[in-house]
Every structure is written in C-alpha cells, then in structure tokens.
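Chemist: got a predicted structure plus its sequence, pasted below:
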Amino acid sequence: MPRDAYLTSTGRFHPPTVVPNSHFYETLGLETDEEWIRSRTGVVTRHFAGDETTGSMGLKAAQQALDKAGLEGSDLDGIILASVTPDLIFPATSGRIQTGLGAEAGWAYDTAAACSGYVYALGQATAMVRSGMADRVMVVGSETMTALLDFRDRTTCVLFGDGAGATLIEACEEPRGGRVVDVIMRTDGNGERHLKQPAGGSELPPSHETVDQRLHYVKQEGRTVFKHAVTRICEVVTQVLERNGSTNDDIALFVPHQANIRIVEACGRRLKIPPEKLVVTVDRWANTTAATIPTSLDLALEEGRVKPGDKVVMATFGAGFTWGAALLQY
Ligand code: UT7
C-alpha cells in the first residue's frame with residue numbers, strides 16, 4: 001500500500017554579496033540600463049556566490065531545513081541535489097552536502113534538469129517515500145550561475161543569480177506540512193538548441209578553442225524560450241489540477257520558476273490566478289535555476305502565506321526543454 005509523502009521543512013541560503021543592476025552598466029560598462037533590466041526581466045538585485053560554492057550553499061540551506069525540523073543528518077536516508085552548476089563534474093556535489101550534514105548512513109546523488117531540476121528531484125523523492133524505499137529525503141536546489149555567465153553578454157548575464165533552497169520530504173504517521181499530491185515531469189529534447197552551455201562536456205571537452213570562443217557560458221535565445229515557458233507552464237499546471245480533481249480557483253498559492261516577472265505574470269493572467277496568490281522573488285534573487293522554487297516556497301512559508309487546507313502549486317520550465325508541476329496539499 002503506497003504511503004503519502006509530505007514536504008515538512010524548508011531552508012534557504014543566499015550568499016551575502018548583493019549585486020544591483022548598476023553593476024552591469026556602471027562597473028562592467030555593458031550597453032544596458034536600469035530601465036531595460038527592470039522592465040524586461042523584473043530583476044532589481046541578485047546575489048553572487050563569492051567564496052561560496054553550490055555545495056556550500058546547498059549545505060547551509062539543507063542544514064537550516066534539518067534544524068527547523070529538529071532532526072540530524074543521521075536521520076536522513078538520502079539527499080538529491082538538483083543543479084547544473086555542480087562543484088565538480090564528478091563526483092556528485094551532493095556527497096559534499098552529505099558529509100557536511102553528517103548523513104553518511106544514506107546515499108546522495110545529483111540530478112540535472114536545469115530550471116526544472118527541483119521539481120524533478122521532488123518527483124524522485126516523493127516516489128521513493130511513497131514506495132517505502134526511503135523514509136526521509138532532503139531535496140536541494142543549489143546553483144552558482146555566476147560560474148556559467150558570460151559577463152560580456154548583456155542578454156544573459158543580467159538574468160541570473162546564485163543561491164540554494166532545500167526541502168525535506170518524508171513519510172509521516174500523521175499529516176504534517178504539505179502532502180505531495182502529484183508531480184508531473186516533462187521533457188522535449190528538441191529544445192536543446194535554444195538554451196545550453198555548449199562546451200565543457202564530453203561532446204566539446206575544454207580546449208583553448210572552446211575557451212577562446214566563450215563556449216563554456218550560457219547561451220540562450222530568450223524570446224523562443226519565453227514563449228515556450230508560458231505555454232508549457234500553463235499546460236502542465238492545468239494538467240496537474242485536472243488530474244487531481246481541482247481547478248485554478250482552488251489554488252491558494254502559485255510558486256512558479258522565477259526566470260522573468262513577465263513570464264510569471266503572463267502565466268498568472270492565463271491561468272486566472274490573481275496577483276496576490278503569486279510568489280515573486282525574481283526581483284531580489286533573479287533566476288537561480290534549480291533554486292528558485294525551494295527558495296521561493298521557503299520565503300512564502302516564512303511570511304505565513306500558507307495555511308492548513310491550502311493547495312499550493314509549483315511549476316517550472318527550463319533548458320532541455322524540461323518542465324513540470326507539483327501540487328501540495330497543506
Ligand atoms: O530559466 C530558464 C528559462 N529561461 C527563461 O525562461 C528566459 C526566457 N526569456 C526571457 O526572459 C526574455 O526573452 C529575456 C529577458 C531573455 C529577453 O527579453 P525580450 O523581451 O525577449 O528581449 P529580446 O531578446 O527580444 O531582445 C529585445 C532587444 C534586442 O535588441 P534589438 O534586436 O531589438 O535591437 C536585444 O539585443 O533588447 C536587447 N537586449 C538588451 N538591451 C539592453 C537584450 N539584452 C539587453 C540588455 N540591455 N541587457
């Protein structure tokens with residue numbers, strides 16, 4: 001008999017260096033301005049990692065989630081880190097989080113589904129808990145996007161930031177936190193050409209040429225990705241609601257991926273979710289890829305925006321293309 005999985009605790013960490021938009025036009029001298037960045041993306045500030053890494057930020061967020069739950073690392077069965085910016089190509093950065101938490105009794109692995117990484121990892125953890133394969137899994141989204149940004153490319157470098165969010169997924173005797181009702185994961189590999197890091201993998205290993213051609217940085221056709229993001233997010237939210245007997249009106253809080261305020265607002269309009277039910281953090285944290293959803297959920301919970309009985313929907317879209325949605329019942 002499958003058990004329910006509950007999201008019972010959250011944590012987040014953003015590195016202390018806060019970078020305003022003026023950094024790009026005043027300090028770096030790029031041809032951009034405050035008005036363009038704010039009106040086209042919604043970003044006002046973002047955090048840069050400095051001495052932190054994906055592993056160190058993920059550890060801090062996960063430790064916070066454990067502390068809030070009153071648990072120790074040894075209480076965890078496993079850790080899944082969603083990230084496209086691991087500390088090393090291998091071994092997995094989640095191993096560093098495991099060591100830091102003192103969670104050596106279990107397993108740890110990384111998963112890469114870009115901006116959808118957190119929702120995918122949540123889906124994996126939920127399936128493990130429901131099946132009885134694990135009782136408690138820490139799901140972390142952590143990114144050092146600054147490692148992949150071309151600070152000469154104004155079309156991408158202004159969009160992203162660094163940070164980490166964590167959520168604890170567990171089996172509970174009595175309902176606690178948010179029951180993970182459903183998770184949908186979708187991929188269309190044809191989307192690869194529109195958003196990627198071309199070099200550094202086994203197809204184009206690092207070489208003088210790849211570095212000279214700046215191929216280790218994020219390349220994005222923004223307009224194409226934008227259109228797909230709105231369509232796919234709306235589709236998958238509708239699907240997750242319909243297949244669980246709910247409608248848009250039942251949503252108490254919508255936690256979308258934070259790539260662009262215009263995507264968040266367009267999805268809100270199309271799905272008829274009023275602005276007060278949208279969580280927006282892209283203004284302060286920018287796009288932190290796999291970290292946007294767990295950090296935004298943590299903030300919303302901290303602000304008391306979720307009450308018992310509420311249905312919370314998370315939805316995402318990113319490189320791959322990958323997209324997905326999750327429905328939580330508090
Ligand atoms: O998280 C993963 C998924 N990613 C996303 O969901 C991102 C989706 N895309 C977007 O958010 C938007 O497409 C962007 C924010 C990336 C770009 O906004 P846009 O309204 O689609 O702009 P655009 O790419 O169509 O560019 C419009 C103009 C261009 O100039 P021309 O060709 O019209 O002369 C760009 O060169 O804006 C120019 N531009 C800039 N101007 C000032 C592009 N970047 C900048 C900039 N400052 N930073």
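Modeler: That came in fine, so what should we check first? Numbers count the residues shown, from 1 in each chain.
Chemist: avg pLDDT for the helix or strand encompassing A164?
Modeler: Assigned by DSSP states H and E, A164 falls within strand 162-170. Strand 162-170 comes out with an average pLDDT of 98.
Chemist: tell me the mean pLDDT for stretch 241-254?
Modeler: For stretch 241-254, mean pLDDT is 97.
Chemist: likewise stretch 217-228?
Modeler: Per-region confidence: stretch 217-228 scores 97 on mean pLDDT.
Chemist: what does stretch 59-73 give?
Modeler: 98.
Chemist: returning to that earlier point: strands paired with the strand holding A164, and their directions?
Modeler: strand 6-13 (antiparallel), strand 136-144 (antiparallel) (DSSP bridges).
Chemist: between those, which one is nearest to A108?
Modeler: The closest of the strands paired with strand 162-170 to A108 is strand 136-144. By C-beta to C-beta, the value is 8.8 Å. C-beta: built from backbone N, CA, C; applies to glycine.
Chemist: and the strands paired with strand 162-170, which is most packed in?
Modeler: strand 136-144 (a mean of 32; mean count of other C-beta atoms under 10 Å).
Chemist: does the ligand sit close to that strand?
Modeler: No: if you take C-beta under 6 Å from any ligand atom as the test, strand 136-144 misses the ligand, and the best it gets is 10.5 Å.
Chemist: centre of the chain to that strand, how far?
Modeler: In terms of C-alpha atoms, centre = their mean, to the nearest Å, the centre of strand 136-144 is found 9 Å from the chain centre.
Chemist: next: stretch 14-29.
Modeler: Distance of stretch 14-29 from the chain centroid (C-alpha atoms, centre = their mean) equals 22 Å.
Chemist: identify the residues contacting it?
Modeler: Stretch 14-29 has contacts (C-beta atoms under 8 Å, 6 or more residues apart in numbering) with 30-34, 37-38, 43-50, 52, 57, 151, 154, 157-158, 161-164, 285, 295.
Chemist: can you do 7 Å?
Modeler: The contact list for stretch 14-29 (C-beta atoms under 7 Å, 6 or more residues apart in numbering) reads 30, 32-34, 37-38, 43-50, 52, 57, 151, 154, 157-158, 162-163, 285.
Chemist: nearest to the ligand: which residue in the stretch 101-250 of the chain?
Modeler: The minimum distance from the stretch 101-250 of the chain to the ligand, using C-beta to the nearest ligand atom, falls at G222 (2.7 Å).
Chemist: so that residue sits right up against D153, yeah?
Modeler: No: taking contacts as C-beta atoms under 7 Å, G222 lies outside contact range of D153: 11.1 Å.
Chemist: just the C-alpha atoms of the lengthiest helix in the chain, please, in PDB.
Modeler: In the chain, taking DSSP state H as the definition, the longest helix is helix 222-242. C-alpha atoms of helix 222-242 as PDB (Å, rounded to 0.1, in the frame of the first residue of the first chain):
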ATOM      1  CA  GLY A 222      15.500  34.400 -24.900                       C
ATOM      2  CA  ARG A 223      12.400  35.100 -27.000                       C
ATOM      3  CA  THR A 224      11.900  31.500 -28.000                       C
ATOM      4  CA  VAL A 225      12.400  30.200 -24.500                       C
ATOM      5  CA  PHE A 226      10.000  32.800 -23.200                       C
ATOM      6  CA  LYS A 227       7.100  31.700 -25.500                       C
ATOM      7  CA  HIS A 228       7.600  28.000 -24.700                       C
ATOM      8  CA  ALA A 229       7.900  28.800 -21.000                       C
ATOM      9  CA  VAL A 230       4.500  30.400 -20.800                       C
ATOM     10  CA  THR A 231       2.700  27.800 -22.900                       C
ATOM     11  CA  ARG A 232       4.200  24.800 -21.200                       C
ATOM     12  CA  ILE A 233       3.800  26.100 -17.600                       C
ATOM     13  CA  CYS A 234       0.100  26.900 -18.200                       C
ATOM     14  CA  GLU A 235      -0.400  23.400 -19.800                       C
ATOM     15  CA  VAL A 236       1.200  21.500 -17.000                       C
ATOM     16  CA  VAL A 237      -0.500  23.400 -14.200                       C
ATOM     17  CA  THR A 238      -3.800  22.800 -15.800                       C
ATOM     18  CA  GLN A 239      -2.900  19.100 -16.200                       C
ATOM     19  CA  VAL A 240      -1.800  18.600 -12.500                       C
ATOM     20  CA  LEU A 241      -5.000  20.300 -11.300                       C
ATOM     21  CA  GLU A 242      -7.400  18.400 -13.600                       C
END
